[in-house]
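[1] Model the following, please.
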Amino acid sequence: MHWALRLFGFVVGVLALAILGLGGWIVIARQDELQLASAAAAKTICSNVFMAKREADAILRTDLLALGHSIFRLMKIDVSAVEQSVDASLFGLFAKRHAQYVEGRGCTNVLNDQSWDRPAALRLPPTKDADMLWPTGEKVQLSDNQRLQAAVNDPVLQGPGMRAIVVVHSGRIVAETYGQGFTASTPLLGWSMTKSVTAALVGLAIRDGKLSLDQKHLFPQWADARSDISVADLMAMSGGLEWNEDQGRHTDAGRMEYQVRDAAAFARDRALVASPGTTFHYSGGDSVLLTRLWQNAIGEAALSYPRERLFNPLGMNSAVIEADEAGTFLGEGFLYANAHDWARFGEFLRLGGEWNGQQLLPAGFVDYMRSPFPASDEGQGPVYGRGQLWLARGQGFDLPADTFMLQGHLRQVIAIIPSRKLVILRMGLTREDIGFSNAKLLHAIVAAGF
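    You can find the predicted model right below:
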């Protein structure tokens, strides 16, 4: 009996040492990747638990493991309902990262609690009236167009991982459907669709006389050739700064979003590799720099500016842009809003920046945003506009010529077609390596008679 117990103890000891050894090797050999994974896990779970009210296990299973990153299987996740925070670490021992929720501000990856200037909570407005028609309220009267309803409810067109499809025609929601576990009120991450919201905030700052498109000498640290970069250059993804958006496992985008305290400083300190305004290079860094610029221009009121100047007027009551530890909004990809509110923003752009008869953005600013940036031509015409928007024609989408789009990671899209008075939203979690495209869904909806 004693022999068996000693053997059992020996085996347990060997296994413990093996786990510690494996963990130690991973920490040493792949420390940066592991820190990134822990931070991504902590923040993703934090945002979805405390804003979207989803279960942590479901988030780990569908939002993290579903993307094929096996390291998340080794993560220990600790959710504190009392502290409203999430910790993630390998085996509960290594590369621990912390994400903290603040009401109305979302979640922030915090590297050092002692140095973090925690923002004050911001109470969101109440839910819109369920008995009033969207966009004033949340009531929806679906169209009796059978081709339209068949299109939005076709699993093949929806694509795997679909979470929301909303179709707006002439200012009313005429079709909508949601994935299992999601509703019209579930906050959804727009990823890079957030960039177009950042452009709108730049437009509001311009209307307020705080910024201009031709403004240069944007940061004191740019005392070299970078001083020639203009606001317009950053808007068109032509700042000329070195940037790795999506090549390899450890990208500049990932480091900026999950591993640094000050995202704007990280993007600002990139080297200049092309003359400003001459080349198109997609960069989340340019979008974060735009965010820092409008925040600097607005000053002390910047933290409440999106809510007061954009979200409240549009009735986007669920919308929250998350920020980094230094207080810069992550305007390249971290806006959460429910599907009805994302659709409100799409309709706002369709109307040229007007809402309820009031011109919020400068007249002609949306036309400027969607005007082609010639340097983005990849063989079928320009793919990008001058204001953080994608152009459907340049990407080969078989849609009306005036179609422009917000697009985000994992196949988020809002397609806006002014000539058809149409806004189409599709959101979800769909891996981009499986060959799925939103093109067939968008085409089927347009072909339904719009």
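[2] In space, not sequence, find me the middle residue of this protein.
    Trp191 (2.0 Å; C-alpha atoms, centre = their mean).
[3] mind listing what it touches?
    Taking C-beta atoms under 8 Å, 6 or more residues apart in numbering, we find Trp191 in contact with Gly333, Gly408, His409, Leu410, Gln412. Quick note: C-beta positions are derived from backbone N, CA and C, even for glycine.
[4] Name the nearest residue to it, ignoring sequence neighbours.
    Excluding its sequence neighbours, the residue lying closest to Trp191 (C-beta to C-beta, 6 or more residues apart in numbering) is Gly408, at 3.3 Å.
[5] quick one: the one you found from Gly379, how far?
    Computed with C-beta to C-beta, to the nearest Å, the distance linking Gly408 and Gly379 is 24 Å.
[6] Show me which of the two is the more surrounded one.
    Set Gly408 next to Gly379 and count neighbours by other C-beta atoms under 10 Å: Gly408 wins out with 20 against 7.
[7] so how far is Asp246 from that one?
    Counting by C-beta to C-beta - Gly408 and Asp246 are separated by 13 Å.
[8] Then Ala271?
    For Ala271, the distance to Asp246 (C-beta to C-beta) stands at 19 Å.
[9] do Ala301 as well
    For Ala301, the distance to Asp246 - C-beta to C-beta - is 34 Å.
[10] do the same with Thr136
    39 Å.
[11] Quickly find the element holding the closest residue in space to Pro187 that isn't next to it in sequence.
    Once flanking residues are discounted, Pro187 sits nearest to Tyr336: 4.2 Å by C-beta to C-beta, 6+ apart. Using DSSP states H and E, the element containing Tyr336 is strand 335-337.
[12] Does Ala263 touch Ala326 like I think?
    Yes. Shown here, Ala263 and Ala326 form a contact pair, counting by C-beta atoms under 8 Å, at 7.3 Å.
[13] May I have the helix or strand that the strand holding Tyr336 is followed by exported as CSV, CA atoms only?
    Using DSSP H and E, the next helix or strand after strand 335-337 towards the C-terminus is helix 339-350. C-alpha atoms of helix 339-350 as CSV (Å, rounded to 0.1, in the frame of the first residue of the first chain):
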residue,chain,number,x,y,z
ALA,A,339,-27.4,45.3,-34.5
HIS,A,340,-30.2,48.0,-34.5
ASP,A,341,-27.6,50.6,-33.5
TRP,A,342,-25.0,49.6,-36.0
ALA,A,343,-27.9,49.9,-38.6
ARG,A,344,-28.6,53.4,-37.4
PHE,A,345,-25.1,54.4,-38.1
GLY,A,346,-25.3,52.9,-41.6
GLU,A,347,-28.5,54.8,-42.2
PHE,A,348,-26.8,58.0,-41.0
LEU,A,349,-24.1,57.6,-43.6
ARG,A,350,-26.8,56.8,-46.3
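[14] strand partners of the helix or strand just after helix 339-350, parallel vs antiparallel please.
    With elements assigned by DSSP H and E, the helix or strand that comes after helix 339-350 is strand 354-355. Strand 354-355 sits in its sheet next to strand 358-359 (antiparallel), going by DSSP bridges.
[15] Strands along the stretch 351-450 of the chain, start to end?
    Assigned by DSSP state E, counting those that start in this stretch, the stretch 351-450 of the chain shows strands spanning 354-355, 358-359, 390-391, 404-408, 412-417, 422-428.
[16] typo on my end, it should be the stretch 101-250 of the chain
    106-110, 162-169, 172-178, 188-189.
[17] Throw these into CSV and include distance to Thr291, thanks.
    Listed next are these as CSV, based on distance: least, C-beta to C-beta, whole Å:
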stretch, distance to Thr291
strand 106-110, 14
strand 162-169, 25
strand 172-178, 30
strand 188-189, 17
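[18] Ok, which of the ones you listed comes nearest Ala66?
    strand 162-169 (12.2 Å; C-beta to C-beta).
[19] Residues in contact with the closest one: which ones?
    Here strand 162-169 has contacts from 143, 148, 152, 158, 173-179, 182, 184, 186, 188, 339-340, 342-343, 346-347, 420-430, 441, 445, 450, using C-beta under 8 Å, 6+ apart.
[20] Thank you, goodbye.
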